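Novice: from the sequence below, what's the structure:
(chains A, B and C)
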Amino acid sequence: MKFTVKQIALLLNGEVKGDESLTVSQLAKIEEGKAGDISFLSNEKYEPYLYTTQASAVIVGRTFEPRKSYTTTLIVVENPYIAFTQLLEEYQKLLEASKVGVEQPSFVGEGTMIGERIYQGAFSYIGKNCKIGKNVKIYPQAYIGDNVIIGDNTILYAGVKIYANCIIGNDCVIHSGVIVGSDGFGFAPQADGTYKTIPQLGNVILEDNVSIGSNSTIDCATMGSTIIRKGAKIDNLVQIAHNVEVGENTVIAAQTGVAGSTKIGKNCVIGGQVGINGHITIADGTKAGGKAGITKTVKKPGTSLNGNPAFEINDYLRSMAVLRKLPALEKQVKALEEQFLELQQQGVLV
Amino acid sequence: MKFTVKQIALLLNGEVKGDESLTVSQLAKIEEGKAGDISFLSNEKYEPYLYTTQASAVIVGRTFEPRKSYTTTLIVVENPYIAFTQLLEEYQKLLEASKVGVEQPSFVGEGTMIGERIYQGAFSYIGKNCKIGKNVKIYPQAYIGDNVIIGDNTILYAGVKIYANCIIGNDCVIHSGVIVGSDGFGFAPQADGTYKTIPQLGNVILEDNVSIGSNSTIDCATMGSTIIRKGAKIDNLVQIAHNVEVGENTVIAAQTGVAGSTKIGKNCVIGGQVGINGHITIADGTKAGGKAGITKTVKKPGTSLNGNPAFEINDYLRSMAVLRKLPALEKQVKALEEQFLELQQQGVLV
Amino acid sequence: MKFTVKQIALLLNGEVKGDESLTVSQLAKIEEGKAGDISFLSNEKYEPYLYTTQASAVIVGRTFEPRKSYTTTLIVVENPYIAFTQLLEEYQKLLEASKVGVEQPSFVGEGTMIGERIYQGAFSYIGKNCKIGKNVKIYPQAYIGDNVIIGDNTILYAGVKIYANCIIGNDCVIHSGVIVGSDGFGFAPQADGTYKTIPQLGNVILEDNVSIGSNSTIDCATMGSTIIRKGAKIDNLVQIAHNVEVGENTVIAAQTGVAGSTKIGKNCVIGGQVGINGHITIADGTKAGGKAGITKTVKKPGTSLNGNPAFEINDYLRSMAVLRKLPALEKQVKALEEQFLELQQQGVLV
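Specialist: Next up, the predicted model:
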């Protein structure tokens, strides 16, 4: 897709300084821009690149005053960063809109209802008695088990697997390799050392506007539902165990794991590789640093934690500072003990 | 599927108090029960819900004496928790039994033998010269490489990948996205800084009754076999490297990784996000806390470990308690040093 | 495939001692060898097995002098370990060469060009306008989005997913379940607590000779490219975030995560379950121990790190040694304080 600089300036409500008939087809960083690219200048640190860039056009702010000559065409706007983001979004919409229709072979079970303007990729599978909303995109090799409900505008990328009976909201984005609704890890120890499987009969509910990153796994509840509340954003390779609840607008970074039946509040920010114990509650607005191990319920909203076992972040930072000095501290204690021994030998201390 | 309360009471060897002609179709928690649900009351903490639940029926124990009026129908049994579990299992069996037959398109290579009553989902792939047992369920988009053997009653959920030459036992459950038999991570450093791939020619053996959680990865051996012994239960996103052996009835929680050639004994319980070094041995019955890093061989059966590097759990807990007090400890040492300086200035200490 | 001992000796430039007409069809460890197997003896620790092995043939070195009788046939070579590795490689080549041709059903989009001698498994999907090199193997259920370029001799195992616009070099090996090019985790917080998705429009570039282990995830750049440089080797379940660069010949073990925009140098060796912060730089030749948490830029090439937050490995080891003794250290400090109190009570210290 190609656009003239004039078309883009109109879209961004900007003013062109230079050749408005030039065409651009790609977005690029200002330091990497080539002919046919459009870029932006927001941070003044990058200003020197404006004078050397090969990009056909650069979006700049109204207050920008060039101090050298340049060869690119400028599009002047109120806020170049916001304008560029707007451009990214428009471009994304165009890209996504292009996938519509049903590729063959694909599979649809009996009793399933599918909304309008769907994309259904080749080798994708939809089970029986499902209800798929409108504008949904189901990429190739995705799997949707029986009785699944999927809301409008949701995207399932290639190879996503949704087990039977799960419910996915509107406007969700689920990346490749994500598994929704696999069995929770429930096994009852028997007298002979073996384990008996506890049937996992619940489901998973993703509310609206949820994003799940590639290869993450969300287990179904033993009974009832594992729930990801609206607006929650989950990164890649995250594990959500059975009966967990993740609150509204909570963000969880990559490779974090949440054990069974734990309830995470809303507006939390959980770092990468964090481990959260089972059967605990995490207060709204909790922040956990990368690799933290949260072993106990967090009661106070807005708590910041780190460490394993995790504790309050300022205390953690102080302890970590001393941790590095431990060998020195040990020597200091030894020196004190020797001095005391000296005192005793001098007869000062009896 | 709907059942009358009478049918369920017969199955559970229980006695009905109330309307035995009511039908139920879903299992639910007592606090969430709606009309058409059946629930149970085991823990007395939940007793208040009995008087308010909308569930059509509740399973209770023989010793239970209601203290208020209620509207639900009771099924009285010896042990309500066991009875409910039994119900879960029967329900699961009914659900699973429903998947039988071959969906098209699906792929079967030359020389492959398939047992009776198999379910083979659309877009599933079975390579050449495989041997698939009876009652096996191969969900859509699962992949089975050449020469693979799969025992009776085993379930491969949607998208499971089994590389060539692997052997899977009877009654195994392998969840979506699991990779069995991918190459071990073996690369020989060369003089010029590059790495040369060491061919990985072994396979993976899963013995009977093994469960593997979604998106876990089990690499093939360089030579010989990576082995998961019978009854072992492995959670989601777990990494098992080449030539590892996991003992009978050992349980491994999510996101744990086991490095190459390590041998884990039987009846171990390994927490989530644990890392286990390569080329070591873990004694039978070892317990490792979440996030532990086990760097050395564990010789004594039944050892409990935590920390990184991991050590005996009671010592670990004691050290962690002091870790939080480190800044205070440092101040104490500093105060002592100042007092000593004082002593020297007073001429007490020479 | 069966070979005579004579054929193998010719290939390895070795000399046969025993029956050169025996046939072998499998490679095995000397301690596990059965009739029809070929093994090798390199480490003298394994010599006793030579006298008991059932393997049909064993590769030994020129300097080897048997001290007991044996029943196997010997193939005498300069270096038995190198000879055996050579055999593994030849065997691997034979196995891989056997997969050629296009299985049906498979999907190829408009405008896509495919090189000669390709293997394209059933249910694999290649999008529009792709360019696939020669000798490429695309196993069943692999997915290649629109506009993807794949170099010669590259292998995509079953179920690999490559998002649109990514570029994969020559001689790469990508294992099952790997996701290349999924969206980076970018969300801008809004005033009302919700998050707005930042479009991720870049791609992923894998240079030549890159290996990626099963179920690893590599996100596309927000703009520009996430880059894995030539010869880099990445293990299973590794997370590479948007705009990361992994240097030439760098090795990353399983379950490690690298956060956004971080640049890892060449020839680094990163252990398993390591976490690397975003927006930092890791110097060439850095070594990080398993579970390390690298929070800051590493400037000095060849630095060895461990711990979380990570610091220089020798300092780390010293601190960890004291960590285990913390409860004792705390007691020592307490004893000193009591002795001081004693001094004060004795009137020595005022």
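Novice: all contacts plus neighbour counts: C-alpha atoms, from now on.
Specialist: Noted.
Novice: what's the helix-or-strand element of chain A with minimal mean pLDDT packed up against?
Specialist: Taking mean pLDDT, DSSP states H and E as the measure, chain A has helix A:80-97 as its least confident helix or strand, at a mean of 79. For helix A:80-97, the packing partners by 3 or more Cα pairs under 8 Å, 6 or more residues apart in numbering or on different chains; DSSP states H and E come out as helix A:5-12, strand A:37-40, strand A:57-61.
Novice: in that helix, what's buried?
Specialist: A:80-81, A:83-84, A:86-89, A:91 (16 or more other Cα atoms under 10 Å in any protein chain shown).
Novice: as CSV, these with distance to residue A:107 would be great.
Specialist: Shown next, in CSV, are the buried residues of helix A:80-97 (distance: Cα to Cα, whole Å):
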residue, distance to residue A:107
A:80, 46
A:81, 44
A:83, 42
A:84, 40
A:86, 37
A:87, 37
A:88, 34
A:89, 32
A:91, 31
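Novice: just give me the longest helix of chain A.
Specialist: Assignment by DSSP state H gives helix A:326-345 as the longest helix of chain A.
Novice: got a list of contacts for that one?
Specialist: Here helix A:326-345 makes contact (Cα atoms under 8 Å, 6 or more residues apart in numbering or on different chains) with A:349-350, B:330, B:333, B:336-337, B:349, C:318-319, C:322-323, C:329, C:332-333, C:336.
Novice: again, 10 Å this time
Specialist: For helix A:326-345, the external contacting residues (Cα atoms under 10 Å, 6 or more residues apart in numbering or on different chains) are A:320, A:322-323, A:346-350, B:326, B:329-330, B:333-334, B:336-337, B:340, B:348-350, C:315-323, C:325-326, C:329-330, C:332-333, C:335-336, C:339-340.
Novice: around chain B, pick out the residues from the stretch 1-150 of chain A.
Specialist: Residues of the stretch 1-150 of chain A lying close to chain B (Cα under 10 Å from any Cα of the partner chain) are A:105-107, A:122-127, A:141-145.
Novice: change it to 7 Å
Specialist: By Cα under 7 Å from any Cα of the partner chain, the residues of the stretch 1-150 of chain A that approach chain B are A:123, A:141.
Novice: now swap in the stretch 201-350 of chain A and tell me
Specialist: A:215, A:217, A:223-224, A:318-319, A:322, A:333, A:343.
Novice: around the residue in the stretch 101-250 of chain A positioned nearest to chain B, how many other residues sit close by?
Specialist: In the stretch 101-250 of chain A, the residue that lies nearest chain B is residue A:194 (5.6 Å; Cα to the nearest Cα). By other Cα atoms under 10 Å in any protein chain shown, the residues close to residue A:194 number 19.
Novice: which non-adjacent residue is nearest it?
Specialist: Once flanking residues are discounted, residue A:194 sits nearest to residue B:249: 5.6 Å by Cα to Cα, 6 or more residues apart in numbering or on different chains.
Novice: is it true that residue A:221 touches residue A:186?
Specialist: No - look at residue A:221 against residue A:186 with Cα atoms under 7 Å: they stay out of range, at 10.1 Å.
Novice: between the two, who's got more neighbours?
Specialist: Legend: neighbour count by other Cα under 10 Å for residue A:221 and residue A:186, higher for residue A:221 (27 against 17).
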